[in-house]
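[1] Have a look; sequence and predicted model below, questions after that.
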Amino acid sequence: MARLEGTCVYCGAFGTIHMDHVPPKNLFESQAQSQLLTVPACRSCNNSASKDDECFLVVMALRSDATLRPEHPNLWQKALRLLRRDRAAGFRKRVVADVKFVQPVTPTGLVLPRALSIPVEPFRVIGTVVRIVKGLYYHETERRFPETHQVIPYDMLAYQQARFERLRDAALIFELAWELQKTPLKRVGRVFAYQWELAIEFFRRHSVCRLNLANRS
């Protein structure tokens with residue numbers, strides 16, 4: 001069977017394309033994978049992201065807010081299977097070595113119960129989020145994400161605990177999130193949903209996307 005040719009949504013290279021799942025299919029149960037979104041990607045972009053996708057899965061399963069979702073047990077079991085594999089020994093060692101208890105404090109000075117702090121590899125997580133957003137942009141517009149633009153990820157959980165000097169940024173992000181509530185929630189499988197707006201009034205020339213993992217709301 002002849003391979004399809006086209007343009008990679010991530011790097012713009014033209015040639016043989018593979019269909020990349022958006023978001024990564026390792027987040028989903030096998031019975032849901034036939035319903036997932038796919039976008040054209042070159043072999044290099046499609047294959048090079050596999051380790052980042054695995055890191056993203058583990059980080060999402062370990063987030064404190066993820067435990068509140070009904071889908072978390074399945075996500076957690078997938079993360080455990082991944083960490084137990086022989087080839088994940090290095091990643092497992094880095095995670096376990098830096099786990100520690102911390103004392104969270106809110107911006108208003110409220111001391112929260114002690115909690116486990118799990119180290120993450122931020123560039124890998126951000127790289128996966130950027131790839132998801134670029135894939136969703138293509139899905140929504142049938143165009144590649146413009147080279148003249150930049151994806152800037154924000155973590156809503158992190159901004160809920162923002163330090164005083166970041167409160168202005170946090171207020172702007174929450175205002176943006178509030179505006180996004182007016183847009184429809186689009187679901188992908190049981191564990192992922194997103195909201196999309198191409199031009200919110202006070203953010204002209206911007207596209208805005210909010211991603212919800214393991215979220216039914």
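    All right, it came through fine.
[2] And the residue nearest to residue 28 when sequence neighbours are not counted, how close does it get to residue 3?
    Spatial nearest neighbour of residue 28, excluding adjacent residues (C-beta to C-beta, 6 or more residues apart in numbering): residue 189 at 4.7 Å. Heads up, the C-betas are built off the backbone N, CA and C, glycines and all. Computed with C-beta to C-beta, to the nearest Å, the distance linking residue 189 and residue 3 is 27 Å.
[3] Compare those two and say which is more crowded by neighbours.
    residue 189 (19 against 10; other C-beta atoms under 10 Å).
[4] confidence score at that one?
    pLDDT recorded at residue 189 is 77.
[5] Could you pull out the buried residues of the lengthiest helix in the chain?
    Looking across the chain with DSSP state H, the single longest helix is helix 122-141. By neighbour count on 16 or more other C-beta atoms under 10 Å, the buried set for helix 122-141 is 124-139.
[6] State the mean pLDDT of that helix.
    Mean predicted lDDT for helix 122-141 stands at 88.
[7] and if you look at stretch 48-58?
    pLDDT averaged over stretch 48-58 gives 85.
[8] Identify the bridge partners of residue 186.
    residue 194 (DSSP bridges).
[9] hmm, back to that, just want the phi and psi numbers for the residue nearest to residue 28.
    phi 70, psi -160 (degrees, to the nearest 10).
[10] my guess is it meets residue 37, correct?
    No. Assessed by C-beta atoms under 8 Å, residue 189 is found out of contact with residue 37, at 9.5 Å.
[11] Would you map the helices across this protein?
    Going by DSSP H, the chain shows helices at 43-48, 50-62, 72-84, 89-97, 122-141, 156-160, 167-180.
[12] The second one: which residues count as buried?
    Spelled out, that is helix 50-62. Buried residues in helix 50-62 (16+ other C-beta under 10 Å): 52-62.
[13] List the contacts of the closest residue to residue 51 other than its chain neighbours.
    Nearest residue to residue 51, sequence neighbours excluded (C-beta to C-beta, 6+ apart): residue 124, at 7.5 Å. By C-beta atoms under 8 Å, 6 or more residues apart in numbering, the contact set of residue 124 is 51-52, 55-56.
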